[in-house]
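Trainee: return atomic coordinates for the entry below.
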Amino acid sequence: MKKKVIGVYAPSSPAHIWFEEKYLFAKKQLEDMGFEIVEGNLVKNRVYQGYRTASAKERAEEMMNLVKNKDIDIMMPVIGGYNSGSLLPYLDFDEIEKSKKKFFGYSDITAIQLAILKKTNLKPIYGGSLIPTFGEYEGISSFLKNTLDNLFFKENYTLEEPEFYSNKLLNAFTDEWKTKKREYIKNEGWKILNEGETEGEVIIANIDTLVSLLATEYVPSFKDKILILEEMNATIDSEERNLNTLKLSGVFEGVKGLIFGKPEVYNNKNTQISSYGVKWIAIPEDVETIPEWTHNYIDYDTIINDSISAFLPVFSSLGGHILPTLDSNTVYSNIIDF
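Mentor: Next comes the predicted model:
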């Protein structure tokens with residue numbers, strides 16, 4: 001089988017310069033997997049302007065030169081960032097469609113992905129940027145390997161959730177990314193808010209980037225689509241604003257399904273529940289209906305009875321106190337105060 005060739009470009013942040021060692025490590029991992037890497041001119045020559053490599057026009061030229069290279073099968077950014085949308089007026093979408101390449105990327109690369117969906121008949125692949133995806137010092141995960149096999153060698157497949165996830169950032173500005181082990185949390189599976197069945201084409205987008213493109217010519221129609229939204233660094237106030245903007249803009253009208261990805265970093269700063277621990281938890285009378293997200297903070301496996309009284313010694317040992325609810329109509333019987 002012919003070796004797959006990846007064209008690497010930097011449409012947004014110049015992370016190959018910020019995290020050069022991790023970039024080179026990621027490159028080698030892909031090469032060890034049998035891929036050949038061709039760097040764009042800005043990446044290869046280490047052109048650098050602080051938050052970007054070069055002007056929007058120059059970054060678009062780097063991308064288009066790789067697109068026109070007939071030896072390249074896959075287009076992959078070094079990382080996301082904030083400014084890939086600046087390239088859109090300078091891209092030749094006829095050439096992009098004619099290339100029939102597989103376009104990888106996520107997060108800020110949403111801008112390029114959505115534009116390709118709107119302007120061509122190609123189906124970009126949401127996922128896979130060089131440094132964050134292939135720069136893990138512990139190696140390529142079995143989940144990622146399986147995903148790549150599915151993409152390249154299967155016509156269809158079932159999307160299975162990974163067994164574990166991590167929301168621990170490892171600092172790539174220091175040696176932490178290679179000296180500290182990543183912490184993993186067992187994945188409890190999908191959390192379904194509205195049960196049902198549907199089918200349709202899927203569009204995936206980063207929330208911030210999608211909001212920045214609204215009212216432009218680069219946003220496809222979401223009618224009859226299954227929309228998946230993700231955000232890496234989510235604060236509850238900004239996410240409410242973004243989701244409200246999408247709602248007012250009509251993005252959610254006519255979608256067949258809506259799926260949210262778990263943010264890597266979540267700040268619930270405007271509520272009583274913080275990332276450092278639970279301040280208030282409403283506890284239902286039936287133990288089995290306790291929200292799953294509380295399991296990260298309290299070991300319910302130690303509670304074997306199905307009455308509120310069973311919680312008392314456990315919560316007392318955690319410094320908790322049972323308080324009566326003020327609302328007689330609530331479905332919860334007590335509130336735990338930490």
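Trainee: pull up the pairing partners for the one helix or strand I204 maps to, direction included.
Mentor: For I204, the element it lies in under DSSP states H and E is strand 202-206. Next to strand 202-206 in the sheet, as set by DSSP bridges, lie strand 226-230 (parallel).
Trainee: sort out which residues of the partner strand are buried, please.
Mentor: For strand 226-230, burial by neighbour count (16 or more other Cβ atoms under 10 Å) applies to I226, L227, L229, E230. In short, each C-beta sits where N, CA and C put it, glycine included.
Trainee: ok, so of the residues you listed, who is nearest Y48?
Mentor: Nearest to Y48 among the buried residues of strand 226-230 is E230, at 28.3 Å by Cβ to Cβ.
Trainee: excluding chain neighbours, what is closest to the closest one?
Mentor: If you skip the residues right next to it in sequence, E230 has G261 as its closest partner in space, 3.6 Å away by Cβ to Cβ, 6 or more residues apart in numbering.
Trainee: can you count the residues close to G189?
Mentor: Using other Cβ atoms under 10 Å, G189 has 10 neighbouring residues.
Trainee: so what does it look like in phi/psi?
Mentor: Comment: the main-chain dihedrals of G189 come out as phi 100, psi -180, following degrees, to the nearest 10.
Trainee: for it, give its distance to E197.
Mentor: G189 sits 17 Å away from E197, taking Cβ to Cβ, to the nearest Å as the criterion.
Trainee: and W18, by the same measure?
Mentor: Counting by Cβ to Cβ, the separation of W18 from E197 is 45 Å.
Trainee: related to what we said a few turns ago, now do the same contact list for the residue nearest to E230.
Mentor: Shown here is G261, whose contacts under the criterion Cβ atoms under 8 Å, 6 or more residues apart in numbering are I228, L229, E230, E231.
Trainee: just put the residues you listed in TSV and tack on pLDDT and distance to P89.
Mentor: Written out in TSV, the entries for the contacts of G261 read as follows (pLDDT from 0 to 100; distance: Cβ to Cβ, whole Å):
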residue	pLDDT	distance to P89
I228	93	27
L229	94	25
E230	92	25
E231	90	26
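Trainee: tell me the one among those residues nearest to R182.
Mentor: Proximity of the contacts of G261 to R182 (Cβ to Cβ) peaks at E230, which lies at 19.3 Å.
Trainee: follow-up on the earlier one: quick one: list the elements packing against the helix or strand just after the strand holding I204.
Mentor: Later in the chain than strand 202-206, the nearest helix or strand by DSSP H and E is helix 207-213. With contacts defined as 3 or more Cβ pairs under 8 Å, 6 or more residues apart in numbering; DSSP states H and E, the packing partners of helix 207-213 are helix 110-119, strand 226-230, helix 236-248.
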